[in-house]
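K.L.:
Only the shape, not the letters, is given here:
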């Protein structure tokens, strides 16, 4: 792969808006515009607009599309009606997580799979190797753009843009075909912030038109462009896993608290036998949420300590602007995973007190 950072079709829009651009998963992406805290608060109280066009999209088609995707993921795609979506993991034969995905059934014989930008090449290769022979599929990531409109004013903003009732009333984790600002697109009631909102899939060539139209429609509602920095604090407050931090090829769904997306009895899928054995054996460790009770901010990679010994490490950590506490996630031995258990986080050589708490930290 080239060392040159890739750019989305909206990169010049971000530059015009004064975004601070940084490398992320091989892409040049906006980390912030007006500031992480300000953008975080905009999403929680009004609305924010994200460019997440770096994400990967795979279209699987044909009469065997649903069954073919079902074999590659842990959740039960066969139960998806047209126009619905589900969250799932994709595991290897050993039951460890290759990626977490959202699967949309666009039509009876057309399934859209959205993967993380950092895992696009890996997941495309995994699909190429393991999809049923003769099942048509295509990596459409470069041809598509993805925008996320998130926050309590998202519906009103879509209304300002002339969205029809079937979009404004779209239920959670549903998807529909529509047209906005003259742009043909798929609209999904999904997101990664813990707020209500929409994710909008359109052709890359139409992304600038849609982006500008959304910002204009949202101006009266306080809509702000939001970067990856606030996206991270928002998803952490909502306890949404980040691949490469909280989940990886060194973690399985049960210890990550994602057992609810593993349907062991729904049919055969890659990793099912291993996951069945893992579940039967019980968990050695669990991913827990904690808040700092002492002064300090936990960061990714910091040691988690109990009884003077390191028992794990922080997978995600930051201030929680909405909850008003410094929060984090990390794996600890199962015996230490109970809410109320005291832990220590080693911060620059000093152990600072923390406590295991129930999650999500924030729920709208």
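P.N.:
Yep, that arrived. A quick note: this is a predicted structure, and the numbers were derived from the prediction, not measured. Residues are numbered from 1 along each chain as shown.
K.L.:
What segments of the stretch 101-250 of the chain are helices?
P.N.:
Under the criterion DSSP state H, counting those that start in this stretch, the stretch 101-250 of the chain contains helices at 120-130, 154-160, 165-168, 207-218, 228-237.
K.L.:
Can you tell me how far residue 113 is from residue 355?
P.N.:
With the distance defined as CB to CB, to the nearest Å, residue 113 ends up 38 Å from residue 355. Bear in mind the C-beta positions are built from the backbone N, C-alpha and C, glycine included.
K.L.:
More neighbours: which of these two?
P.N.:
A side-by-side neighbour count of residue 113 and residue 355, using other CB atoms under 10 Å, places residue 113 first with 25 against 15.
K.L.:
Touching, the more buried one and residue 103? I think so.
P.N.:
Yes - in this structure residue 113 lies within contact range of residue 103 using CB atoms under 8 Å: 5.4 Å.
K.L.:
Quickly list what's touching both of these two.
P.N.:
residue 69 (CB atoms under 8 Å, 6 or more residues apart in numbering).
K.L.:
Spatially, what comes nearest to residue 238 if we skip its sequence neighbours?
P.N.:
Spatial nearest neighbour of residue 238, excluding adjacent residues (CB to CB, 6 or more residues apart in numbering): residue 194 at 2.8 Å.
K.L.:
Can you verify residue 50 is assigned to a strand?
P.N.:
Yes - assessed by DSSP: H, G, I helix; E, B strand; the rest coil, residue 50 belongs to a strand.
K.L.:
where's it relative to residue 289, distance?
P.N.:
To residue 289, residue 50 is 24 Å away according to CB to CB.
K.L.:
Tell me which of those two has more neighbours.
P.N.:
Between residue 50 and residue 289, counting by other CB under 10 Å, residue 50 is the more crowded of the two (25 against 21).
K.L.:
what about the closest residue to the more buried one other than its chain neighbours, neighbour count?
P.N.:
Of all residues beyond its chain neighbours, the one nearest residue 50 is residue 148 (4.1 Å), with distances taken as CB to CB, 6+ apart. Neighbour count of residue 148, defined by other CB under 10 Å: 23.
K.L.:
Which pLDDT does the model give residue 148?
P.N.:
The model reports residue 148 with a pLDDT of 98.
K.L.:
Residue 132 too?
P.N.:
We have a pLDDT of 87 for residue 132.
K.L.:
Tell me how many other residues surround the residue lying closest to it once chain neighbours are set aside.
P.N.:
Closest residue in space to residue 132, ignoring its immediate chain neighbours: residue 68 at 4.5 Å, by CB to CB, 6+ apart. Residues within reach of residue 68, counting by other CB under 10 Å, total 23.
K.L.:
so residue 68 makes contact with residue 131?
P.N.:
Yes - assessed by CB under 8 Å, residue 68 is found in contact with residue 131 at 5.1 Å.
K.L.:
what is in contact with these two at once?
P.N.:
60, 137.
K.L.:
Can you list the neighbours in contact with stretch 155-171?
P.N.:
Under CB under 8 Å, 6+ apart, the answer for stretch 155-171 is 47, 149, 176, 178, 180-181, 187-189, 196, 198, 213-214, 217-218, 220-221, 223.
K.L.:
Kindly recompute the last result at 10 Å.
P.N.:
For stretch 155-171, the external contacting residues (CB atoms under 10 Å, 6 or more residues apart in numbering) are 46-47, 49, 83-84, 149, 151, 153-154, 174, 176-182, 185, 187-190, 196-198, 200, 210, 213-223.
K.L.:
Filter those down to the buried ones.
P.N.:
With neighbours counted using 16 or more other CB atoms under 10 Å, the contacts of stretch 155-171 contain these buried positions: 46-47, 49, 83, 149, 151, 153-154, 174, 176, 178, 180-181, 185, 187-190, 196-198, 200, 210, 213-215, 217-218, 221, 223.
K.L.:
pLDDT weak spots in the chain?
P.N.:
1-3 (pLDDT under 70).
K.L.:
what about stretch 26-43, distance to the chain center?
P.N.:
Stretch 26-43 has its C-alpha centroid displaced from the chain centroid by 16 Å (CA atoms, centre = their mean, to the nearest Å).
K.L.:
How about it, which residues are buried there?
P.N.:
By 16+ other CB under 10 Å, the buried positions in stretch 26-43 come out as 26-34, 36, 39-43.
K.L.:
these two touch, right, residue 233 and residue 326?
P.N.:
No - judged on CB atoms under 10 Å, residue 233 makes no contact with residue 326 at a distance of 11.1 Å.
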